[in-house]
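**Q** what's the 3D shape of this:
(one chain, ligands or ions: 1)
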Amino acid sequence: MLARVIELDGLTKQYRDRVAVDGLTVHIRPGRVTGFLGPNGSGKTTTMRCVLGLTRPTAGSATVLGVPYRQLDHPMRRVGALVDPRARHPGRTAYQHLAVLAQSNALPMRRVDEVVELVGLDSVAHERVRGFSLGMGQRLGIAAALLGDPEVLLLDEPVNGLDPEGIRWVRELLRTLAAEGRTVLVSSHLMSEMEDTADHLVVLGRGRLLADVSIADLLGAHAAVRVRSPEAPMLSAALRDAGAHVTLEVDGALRVERLDAARVGDVAFAARVRVHELTRVVASLEAAYLELTGEDVEYRAGAR
Ligand SMILES: Nc1ncnc2c1ncn2[C@@H]1O[C@H](COP(=O)(O)OP(=O)(O)OP(=O)(O)O)[C@@H](O)[C@H]1O
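**A** Modelled structure (predicted):
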């Protein structure tokens, strides 16, 4: 199996007055859920559209399964995508919509029944798409993406409009698909959505790569140790001597970065300083993400 299922090489897309994607080089691997994160307007949708051959890059390249998408023989059997859930005929029923897709892509009709059941649309499959809620529309879009039983999935904001039960369902579905060895790339602008879904993150800011990192590493890089001592100034000096970055918390505890908890304990012992609390603090992913994207947010509430 290809280790680099989706390959972006210097991918760039320039619109008239703005660079939507800016020299993006990244490889997406199979067997895991890769969260594609970035603030609004950071270039996620444009990147996915380039991968799917819907948008032509200004420079660089995007390939999937070793070739540009348009060169795939049976694209729906190889790559499933949810990029524009509104791109469907409103007068058709959900079933008809999927049946047309199946027919035009030479897929067996039984797949239509299978995916309708899989996404939980059985009871409304014969209703017109026009009357669908946002969440039902998303489920239909996911059904279409899964129709060809593809080995690669690209989903742009799949949980948009879903209720908490729907969000959990998408999360479990994506994890199952990845566990089967498929490649799953799923975009979101919310870290909280990715926290329990993705194994790996690719983070964009203003079209550029900010991070290509496993969730575990991202958390590790933002971990700290909290230590409380009645002799805080002495302990702080000893920790700094040992190479730590130390800050004082509001309750008088020290927040220590760059040393792990065992090392902090050893330094305190060597300095003969009493310790009343020693805790490893794992940053929330949300905090780590905000730190990463902080300066690259294009649209900010209250910004002028
Ligand atoms: N067809 C287009 N013409 C001109 N500018 C565009 C076009 N499509 C996207 N852009 C611009 O490119 C930038 C990236 O947009 P894109 O939709 O890829 O971001 P995104 O990360 O998917 O955002 P969101 O999280 O809001 O969906 C934005 O500034 C957007 O306004």
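**Q** contacts, neighbours, all on C-alpha from now
**A** Fine.
**Q** Residue 254: neighbouring residues, count only.
**A** 23 (other CA atoms under 10 Å).
**Q** can you give me phi and psi for it?
**A** Main-chain torsions, residue 254, degrees, to the nearest 10: phi -100, psi 140.
**Q** what's the neighbour count on the nearest residue to it once chain neighbours are set aside?
**A** Closest residue in space to residue 254, ignoring its immediate chain neighbours: residue 248 at 4.7 Å, by CA to CA, 6 or more residues apart in numbering. Neighbour count of residue 248, defined by other CA under 10 Å: 16.
**Q** Please report the distance of residue 248 from residue 239.
**A** 13 Å (CA to CA, to the nearest Å).
**Q** Same check on residue 276?
**A** 16 Å.
**Q** Check residue 48 too.
**A** 46 Å.
**Q** looking at it, residue 6 is touching residue 27, isn't it?
**A** Yes - contact criterion CA atoms under 8 Å: residue 6 and residue 27 qualify, at 5.7 Å.
**Q** quick one, strands of the stretch 151-300 of the chain?
**A** 152-156, 183-188, 200-205, 208-214, 224-228, 245-248, 254-257, 277-281 (DSSP state E, counting those that start in this stretch).
**Q** who in the protein is up against the ligand?
**A** 15, 20, 38-46, 189 (CA under 6 Å from any ligand atom).
**Q** From those residues, list just the buried residues.
**A** The neighbour count (16 or more other CA atoms under 10 Å) marks 20, 38-46, 189 as buried among the residues of the chain next to the ligand.
**Q** For the ligand, see how far away the residue in the chain sticking out farthest from the centre is.
**A** For the chain, the largest distance from the centre (CA atoms, centre = their mean) belongs to residue 272, which lies 46.0 Å off. From residue 272 over to the ligand the distance is 52 Å, taken as CA to the nearest ligand atom, to the nearest Å.
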